[in-house]
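1. Need coordinates for the following:
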Amino acid sequence: MTDIGQRISEQLLPWVQRPGQYIGCETNACCGDVDAAEVSCVLGFPDAYSIGISHLGSQILYRMLNDTPGVACDRTYCPRLDAEAVMRANDVPLFGWESRRAVQGFDLVGFSLAYEVCATNVLTMLDLAGISLHAVDRSPDDPIVVAGDAMAETPEPMADFIDLFIVGDGEQPLAQLVELLRQAKRSGASREEIILQAAQTIPAVYAPRFYQPRYNADGTLAGMDRSADVPGTIRRSHLADLSDSPALTAPLVPLAEAVHDRVTIEIMRGCPNGCRFCQAGHTRLPVRWRSVEEILDIARRAVSATGYREISLLSLSTSDYPHLDELIERLNAEFASRHVSVSLPSLRVDSQLRQLPKLTSGVRKGGLTIAAEAGTDRLRRSLRKNITEDNMVAGVRAAYTAGWRKVKVYFMAGLPGESQSDIDAIYHLSNRLSWARKEVDNQKGAIGSSVSWFVPKPHTPMQWCAMRDEEYFWSVRNRLRDMSRRGPVSFRFHRIERSVLEAVLCRGDRRVGAAIEAAWRAGARMDSWDEHFDYDTWLAAFAQAGIDPAFYAHREIPIDEVTPWSHIQAARPTQFLLTERQRMIEALAE
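-> I've put the predicted structure just below:
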């Protein structure tokens, strides 16, 4: 493998902003000797270091692989635009942060595709590594390119660029793939033989090259033809017990600014609530949780290994952890005297939140976030979000009583059945939550309301819905801003154009890959960052690829149509999703 450490030190680090992002000497780094390893892996996060270093899933897999005998796993991130320019000018390839070895020399490169708008960053990283963008063009000596996380649920837009997708929980399939690689290297199997064997023997692995889409005359998908003895349906992987996922007791401590500066512990995977819009809630089933004793042990060891002074309890719905009262009480008893706080990122707004004064005497109270989702009880019932306005007011009043002073509320606009009165209700509910503080200390509460735009996600009961058009979203945005100009409520809005792009990238078929590549070649980079996102570049790329974004984003999908994700097993049977869809329609008619 090529050691480029000196070149990095001389030709990259002196010429970039915040060089600490590229040094790779973090506390608790644990990559083994990649030159001596039987299997060498590098896990890539396709966004800036400040985002990727805080990604819990990547850290779990990194630790798991480095704890595997004979395996060494490094990390890499997408260079910021200034670093990309310097690397291209000086011919410095993408490298492993710890080993200082060129990524092109590893056996396996794995990407965590956590959100859709990281797509062009994957191409940046492949190109900087010297790996052909298209999977079919790669040489026998190239690494096997693997991808997992959220975009593996709907892999077709990225299918041209990825050798193997892992669907579902990544721990076990990735371990199986690494062992397959080990055995294949010993036997002298070729790269193509390894990819085929993985597709045939690991149920959660999808190799797009063996599946070819067929289209109807109207442009809809007719089906997928297989060119080898591979399964027709990719089976989702899930851990039977969350304790089978490695406990992250020594997380990486960043050398540069990161989005999270705390110990994060996954206490539960999956969500019991079944909100009809939530892809994560429908794809990460079944619900599994760690014991209180296990969480306490992880917390003790992680705080000792990092020096962090905050513990974050992570899950899709922390309030639904079955032993939350006991857990918080015991964490407070052990850590409060050490000035280590506990944060609860996702509390359910119901009778449990009213118990905040009892539960959270030692919890950090910088700000509380609740997900109202809609302005009216009617719309929330249609989403299977079973909380009422009175629930929220009582819960937020309890939060003020417990010491919180700032509350952030998440809403979606553009929901099926939404009316003008539903939009106005977003402002009125936010205002009422502010006034709930008056009964506590005669002050108005600071309410920050965040409005996103409904994207109908695959593998949910709402996957067949159409997304509203941009004109509608702009009208909602303008109305809410006008209503809030003189009140205590401030609104923040997601970028409308980025939400439309997200819809195309999650609902798209393989033809969308041509637009991703065209956008990247035209300069699309770091699309999750407002300062870099350029929608005009994407519109030009769609036109160049002959793609109408409205076909994917704004079209209602007939329930009998073959979808681009039909060959990826859903955690819920299709009939269940259809039943829930019908219940949504009935709730809207009430």
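2. now the helices for the stretch 51-200 of the chain?
-> Using DSSP state H, counting those that start in this stretch, the helices found in the stretch 51-200 of the chain span residues 56-66, 81-90, 119-129, 171-187, 191-201.
3. Need the phi and psi values for the one residue sitting closest to the centre of the chain.
-> By C-alpha atoms, centre = their mean, the chain has its centre lying nearest to Ala114, at 3.2 Å. Dihedral pair for Ala114: phi -80, psi -20, per degrees, to the nearest 10.
4. and the nearest residue to it once chain neighbours are set aside, how far is that from Phe111?
-> Nearest residue to Ala114 in three dimensions, chain neighbours excluded: Asp149, at 4.9 Å (C-beta to C-beta, 6 or more residues apart in numbering). To be clear about C-beta, it is placed using only N, CA and C from the backbone, and glycine gets the same treatment. Asp149 sits 8 Å away from Phe111, going by C-beta to C-beta, to the nearest Å.
5. These two - which one has more neighbours?
-> Phe111 (28 against 21; other C-beta atoms under 10 Å).
6. and stretch 214-223, average pLDDT?
-> Mean pLDDT, computed over stretch 214-223, is 97.
7. Show me the domain layout of the chain.
-> Annotated domains of the chain cover 5-226, 366-511+547-590 [automatic domain parsing].
8. From the chain's centroid, how far away is the first one?
-> Between the mean C-alpha location of domain 5-226 and the chain-wide mean there is a distance of 16 Å, by C-alpha atoms, centre = their mean, to the nearest Å.
9. cool, the shortest one as well?
-> Centre-to-centre, domain 366-511+547-590 and its host chain are 18 Å apart (C-alpha atoms, centre = their mean).
10. pLDDT of it, averaged?
-> On average, domain 366-511+547-590 scores 92.
11. Please, where are all the strands along the stretch 101-250 of the chain?
-> Secondary structure of the stretch 101-250 of the chain (DSSP state E, counting those that start in this stretch): strands at 108-112, 144-148, 164-166, 205-206, 211-215, 221-226.
12. which residues sit against the fourth one?
-> By C-beta atoms under 8 Å, 6 or more residues apart in numbering, the list of residues contacting strand 205-206 from outside reads 152, 155, 164-167, 173, 177, 198-199, 234, 567-568.
13. hmm, 10 Å instead?
-> 146-148, 152, 155-156, 159, 162-167, 173-174, 176-177, 180, 195, 197-199, 230-231, 233-235, 237, 567-568 (C-beta atoms under 10 Å, 6 or more residues apart in numbering).
14. again with stretch 480-493
-> Contacts of stretch 480-493 (C-beta under 10 Å, 6+ apart): 375, 408-409, 411, 413, 423-424, 426-435, 437, 443-453, 473-474, 476-477, 499.
15. one more time with 8 Å, if that's ok
-> Under C-beta under 8 Å, 6+ apart, the answer for stretch 480-493 is 423-424, 426-427, 430-431, 434, 444-452, 477.
16. go on, stretch 437-447?
-> Counting by C-beta under 8 Å, 6+ apart, 396-397, 400-401, 405-409, 430-431, 433-436, 488-490 sit against stretch 437-447.
17. Looking only at that stretch, what residues are buried by neighbour count?
-> Using 16 or more other C-beta atoms under 10 Å as the test for burial, stretch 437-447 gives Arg437, Val440, Gly445, Ala446, Ile447.
18. residue contacts, Ala102?
-> Met1, Thr2, Ile4, Pro93, Leu94, Phe95, Ala129, Gly130.
19. State the pLDDT value of the second one.
-> Spelled out, that is Thr2. 83.
20. Scan the contacts of Ala102 and report the most crowded one.
-> Phe95 (29 neighbours).
21. Tell me the bridge partners for that residue.
-> Under DSSP bridges, the beta-bridge partners of Phe95 are Ala102.
22. Any of the contacts of stretch 437-447 buried? List them.
-> Neighbour counting by 16+ other C-beta under 10 Å classes 396-397, 400-401, 405, 407, 409, 430-431, 433-434, 436, 488-489 among the contacts of stretch 437-447 as buried.
23. Among the residues you listed, which one sits closest to Glu310?
-> Closest approach to Glu310 among the buried ones among the contacts of stretch 437-447 (C-beta to C-beta): Arg405, at 18.1 Å.
24. ok, so what distance separates the spatially closest residue to that closest one that is not a sequence neighbour from Tyr62?
-> Leaving aside its sequence neighbours, Arg405 sits nearest to Ala446 (C-beta to C-beta, 6+ apart; 6.6 Å). Going from Ala446 to Tyr62 by C-beta to C-beta gives 38 Å.
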